[in-house]
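Enquirer: After the sequence you'll find the predicted model.
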Amino acid sequence: MTRIFQLCLCSVAAVSFCFAVEPVTAVHGTVSKIDAGAKTVAIKTKDGTVTTLHWAGKTTVHGTEAGAKGTFKGLKEGSEVVAHYTDKGADKTAVEVDNVGKDGLKETEGTVTDIDRGSKTLAVKTADGSVQTFKMADHASEDAGKDVGHATEKSAKVTVYYTEDAGKKVAHFFETH
């Protein structure tokens, strides 16, 4: 009986490793190059660092016209983006890319007043005194544990990049000032 229990435990452990969630990292910058043949996009940050990401069929893009020709799902060189990606060794794969430029995601600035990781909501007080509440996308919720959690302690200013879905604001990315 002990041997059967050990085998079951090993099987469960092996399966859990197969379904482990890879951490997602974000980069904010400008698309400097798109290579459709290699399925890569290069993103240059303000400090000049270039991050090259691969994309897959399941990579989602928000804030673009998906049918635009000669582009990567509506993005083109010069587009301001936030890319969320997984990092496996030297291979970085885009999970989601958000266009945050003029025609991309909406943005608002303010001070974090509340963050609820359980319900994945974020409340931000804007300059006019109103409070806007956002549902956080999964990767934005993960970011909340890193950056915004620290920002709430200091009441730091943040910029929230979001979409609206069925009348609800969905935060895809935020950064502290």
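Expert: Looks like it came in fine.
Enquirer: So which residue is smack in the middle of this structure?
Expert: Nearest to the mean C-alpha position of the chain, counting by Cα atoms, centre = their mean, stands residue 84 at 4.1 Å.
Enquirer: Surely it is in a strand?
Expert: Yes. Using DSSP: H, G, I helix; E, B strand; the rest coil, the assignment for residue 84 is a strand.
Enquirer: so where's the protein uncertain?
Expert: 1-22, 66-71, 139-154 (pLDDT under 70).
Enquirer: Now do the strands in it.
Expert: Along the chain, the segments classed as strands by DSSP state E run 24-35, 40-44, 50-54, 60-62, 80-88, 91-99, 106-116, 121-125, 131-136, 157-165, 168-176.
Enquirer: Can you lay out these as JSON lines showing distance to residue 72?
Expert: C-beta here means a position set from N, CA and C on the backbone, and glycine is covered the same way. Output for these, formatted as JSON lines (distance: least, Cβ to Cβ, whole Å):
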{"stretch": "strand 24-35", "distance to residue 72": "5"}
{"stretch": "strand 40-44", "distance to residue 72": "6"}
{"stretch": "strand 50-54", "distance to residue 72": "10"}
{"stretch": "strand 60-62", "distance to residue 72": "7"}
{"stretch": "strand 80-88", "distance to residue 72": "10"}
{"stretch": "strand 91-99", "distance to residue 72": "8"}
{"stretch": "strand 106-116", "distance to residue 72": "22"}
{"stretch": "strand 121-125", "distance to residue 72": "29"}
{"stretch": "strand 131-136", "distance to residue 72": "25"}
{"stretch": "strand 157-165", "distance to residue 72": "19"}
{"stretch": "strand 168-176", "distance to residue 72": "17"}
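Enquirer: Please parse the protein into its domains.
Expert: 24-99, 106-176 (automatic domain parsing).
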